[in-house]
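next input, structure requested:
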Amino acid sequence: MEAQAAHEASHVVPVNPPPALGLAAKLRKKRSEQAGAESQTEGQRKANQTTVPVRTPDRQWWIRAHRDPQMQVPVDILVITGGEHEGTWFLDPEVEFPPELDQYVKPAILTRCITHDGTEFFYLSKQSAKSPKESIRRCIQAAREGWIQVRWNPTSKGYDFERARRLEREPVWSSDTLDELLEKAFGDHYITRPDHPAINTLLFPDDDYAGEPAEAEEGLR
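Below you'll find the model as predicted:
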């Protein structure tokens with residue numbers, strides 16, 4: 001037995017060290033590791049996006065729309081120009097607002113979208129008679145299928161889109177729920193009561209000079 005064991009030991013195949021990587025292989029390995037680290041960092045950045053724009057996309061953006069139809073919601077908005085409350089405001093659908101506000105309310109649809117650099121936003125599509133809603137609907141449908149750029153066409157009074165030729169990767173969406181994204185998008189511009197200052201300013205503007213004549217008259221006495 002001892003002789004057999006010695007014979008087998010003498011015929012053990014030596015374990016050679018792996019060949020050293022050539023320069024090209026080293027470079028590829030480093031680039032692969034960097035790409036993995038960047039991908040991980042990018043995913044963390046997307047998950048921590050703290051604000052979500054609500055707008056039509058810039059003409060230089062390549063965008064995708066979420067394929068899930070549940071990632072699209074109807075909203076009522078107020079667009080106030082000028083003054084302290086300038087901006088776009090979103091109305092709580094469960095609140096009964098003054099009927100006088102109806103003339104200022106615009107229905108819209110928000111669609112969850114993402115840019116080619118991983119920034120999520122809501123594509124704002126107004127649904128009024130003067131809005132090119134059918135044009136935007138076609139753009140969003142195309143964006144569900146692939147990357148596109150959207151541009152306004154002043155001649156046709158609608159939006160044109162161009163499909164990307166080389167951008168084929170699927171978008172990486174954040175882990176945020178739709179509710180979480182909407183909260184980030186609305187911020188403090190979400191109106192949850194009928195006497196909100198933005199509504200009062202719009203419907204019942206204060207007359208800043210109402211007291212001046214009385215004060216002047218009182219000063220002459």
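
the residue nearest the centre of the chain - nearest residue in space that isn't next to it in sequence?
The chain has residue 121 as the residue nearest its centroid, 1.1 Å off, counting by Cα atoms, centre = their mean. In space, and not counting its chain neighbours, residue 121 is closest to residue 53: 4.3 Å by Cβ to Cβ, 6 or more residues apart in numbering. Backbone N, C-alpha and C define where each C-beta goes, glycine included.

can you count the residues close to the one you found?
Other residues within reach of residue 53, judged by other Cβ atoms under 10 Å, total 16.

for residue 165, same thing?
Neighbours of residue 165 under the rule other Cβ under 10 Å: 7.

got a pLDDT number for it?
Looking at residue 165, its pLDDT is 93.

show me what residue 123 bridges to in the sheet.
residue 55, residue 111 (DSSP bridges).

doesn't residue 110 make contact with it?
Yes: using Cβ atoms under 8 Å, residue 123 makes contact with residue 110 at a distance of 7.0 Å.

re the thing from before, mind checking the backbone torsions on the residue nearest to the centre of the chain?
Dihedral pair for residue 121: phi -150, psi 170, per degrees, to the nearest 10.

what of residue 67?
Dihedral angles for residue 67 - degrees, to the nearest 10 - are phi -70, psi -30.
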